[in-house]
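Student: Next input, structure requested:
(one chain, ligands or ions: 1)
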Amino acid sequence: MKLLITGGCGFIGSNFLRYLLKKYPDYKIFNLDKLTYAGNLENLSEVEKNPNYKFIQGDICNSQLVNQILAEKIGCIINFAAESHVDRSLYDPVVFVQSNLVGAQVLLQSALQHKVSLFLQISTDEVYGPVLGNQKFNEKDSLNPSSPYAASKASADLLALSYFKSFNLPLIIVRPTNNFGPYQFPEKLIPLFISNALEDKSLPIYGDGLYVRDWLYVQDHCEVLDLILQKGKTGEIYNISSHNEKTNLEITDLILQALGKPKNLIKHVPDRPAHDRRYALDSSKLEKELGWKPKFSFEKALQETIEWYQRNRNWWERVKSGEYQKYYEKHYAYLKK
Ligand SMILES: NC(=O)c1ccc[n+]([C@@H]2O[C@H](COP(=O)([O-])OP(=O)(O)OC[C@H]3O[C@@H](n4cnc5c(N)ncnc54)[C@H](O)[C@@H]3O)[C@@H](O)[C@H]2O)c1
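Tutor: As a prediction, the model looks like this:
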């Protein structure tokens with residue numbers, strides 16, 4: 001089986017790549033990644049010499065390059081590549097539309113041309129917008145994105161569905177909630193707060209800190225993506241939630257407690273525009289139809305994550321200082337013609 005993973009040098013993509021190479025030693029995996037600021041080759045240093053793994057630096061918007069890769073008889077595309085940080089989308093929406101929507105279109109078109117057997121589009125819970133009251137969104141709810149990031153992902157979902165309806169492209173869309181775990185870029189809440197606390201720096205929390213997110217451990221996410229690849233039904237959308245709704249302040253308190261750091265590290269900062277108060281997904285379709293249950297409790301997953309950042313200080317220090325961007329020059333110079 002040959003797979004193309006896009007955005008494999010980012011947080012979730014790199015976790016999934018390592019997961020697949022370990023579980024399926026006979027899979028051949030191509031990783032197409034542009035290496036934006038969020039792409040880190042050090043995330044994949046342990047597999048870079050695996051003969052079944054091939055890294056290609058490039059943009060998913062480059063149809064010539066995508067076609068060239070798909071000509072290798074790729075059976076399945078898993079599209080993780082995206083600009084993924086909501087705050088950045090408020091400053092520079094253009095690159096979000098380009099990578100998240102135009103890039104998805106290029107991949108969908110090439111997938112059609114090369115008759116791939118499955119296209120898995122990684123979407124997000126943010127496409128539904130904020131949840132009111134005790135409601136939880138299911139896959140039939142309408143899309144109501146608030147940020148340019150969420151709008152670009154929602155647009156890609158609609159475009160992907162049109163490729164299924166119009167051209168019978170076999171595809172599945174997944175909408176996972178907020179992920180956390182090893183190798184997450186320390187601009188996102190959990191790795192930023194763990195690493196800042198370890199450095200005795202302040203933890204900047206938006207507004208009153210009572211924003212609710214639904215947290216999914218990346219290891220559970222990898223396992224459910226694998227299940228969906230094996231058993232998911234094409235043309236379907238699957239919400240992915242492990243039902244861990246927490247306010248940002250609750251998460252912050254848990255991190256400070258685990259690290260034995262004082263609460264006065266918390267610093268409330270002005271809120272960002274259009275900040276959705278709460279996200280929550282109903283993932284009963286996935287649970288009933290594919291029999292999925294997360295393996296990790298939230299507490300265990302957070303503890304493992306905190307310990308990983310404690311053990312891998314070198315990794316996040318190199319990310320924060322920008323040193324990680326030199327890895328390509330050192331280890332992949334031969335790719336430059
Ligand atoms: N992290 C989360 O909590 C979360 C939750 C739900 C959904 N998602 C979705 O999951 C996917 C992966 O998220 P992540 O957190 O791993 O993101 P990330 O920002 O850590 O990684 C994104 C990767 O995509 C690459 N990339 C960006 N634009 C590209 C382009 N035009 N061509 C090729 N590569 C490109 C980057 O270099 C990077 O390696 C995204 O599609 C995101 O929308 C993430």
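
Student: lowest-confidence helix or strand of the chain?
Tutor: The least trusted helix or strand in the chain, going by mean pLDDT, DSSP states H and E, turns out to be helix 327-331, with a mean of 76.

Student: Name the residues of that helix that are buried.
Tutor: Going by neighbour count (16 or more other CB atoms under 10 Å), the buried part of helix 327-331 is 327-328. The way it works is simple: take the backbone N, C-alpha and C, and place the C-beta from them, glycine included.

Student: when you scan stretch 189-207, is anything in it near the ligand?
Tutor: No. Judged by CB under 6 Å from any ligand atom, stretch 189-207 makes no contact with the ligand; its nearest approach is 9.4 Å.

Student: what comes into contact with that stretch?
Tutor: By CB atoms under 8 Å, 6 or more residues apart in numbering, the residues outside stretch 189-207 that reach it are 180, 184-186, 213, 248-249, 251-252, 255-256, 259, 261, 265-272, 275, 302, 305-306, 309-310, 313, 316, 320.

Student: mind listing what the closest residue to K295 other than its chain neighbours touches?
Tutor: Here the nearest residue to K295 in space, its sequence neighbours aside, is D220; by CB to CB, 6 or more residues apart in numbering that works out to 6.0 Å. Neighbouring residues of D220 by CB under 8 Å, 6+ apart: 242, 294-296, 301.

Student: Reformat those residues as JSON lines; add pLDDT.
Tutor: Output for the contacts of D220, formatted as JSON lines (pLDDT from 0 to 100):
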{"residue": "S242", "pLDDT": "96"}
{"residue": "P294", "pLDDT": "97"}
{"residue": "K295", "pLDDT": "97"}
{"residue": "F296", "pLDDT": "97"}
{"residue": "A301", "pLDDT": "98"}
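
Student: which one of these sits closest to the ligand?
Tutor: Distance from the ligand was checked for each of those by CB to the nearest ligand atom. The minimum falls on S242, at 12.4 Å.

Student: Just the buried ones from the contacts of D220, in ChimeraX syntax?
Tutor: Written as a ChimeraX command, the selection of buried residues from the contacts of D220, which uses 16+ other CB under 10 Å, is:
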select :242,294,296,301
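
Student: mind checking which helix or strand the residue of the stretch 151-300 of the chain found nearest the ligand is in?
Tutor: Taking CB to the nearest ligand atom, the ligand has its nearest neighbour within the stretch 151-300 of the chain at N179, 3.7 Å off. Secondary-structure assignment from DSSP states H and E places N179 in strand 178-180.

Student: what's the span of stretch 33-50 from first residue to last?
Tutor: Terminal residues of stretch 33-50 lie 17 Å apart, using CA to CA, to the nearest Å.
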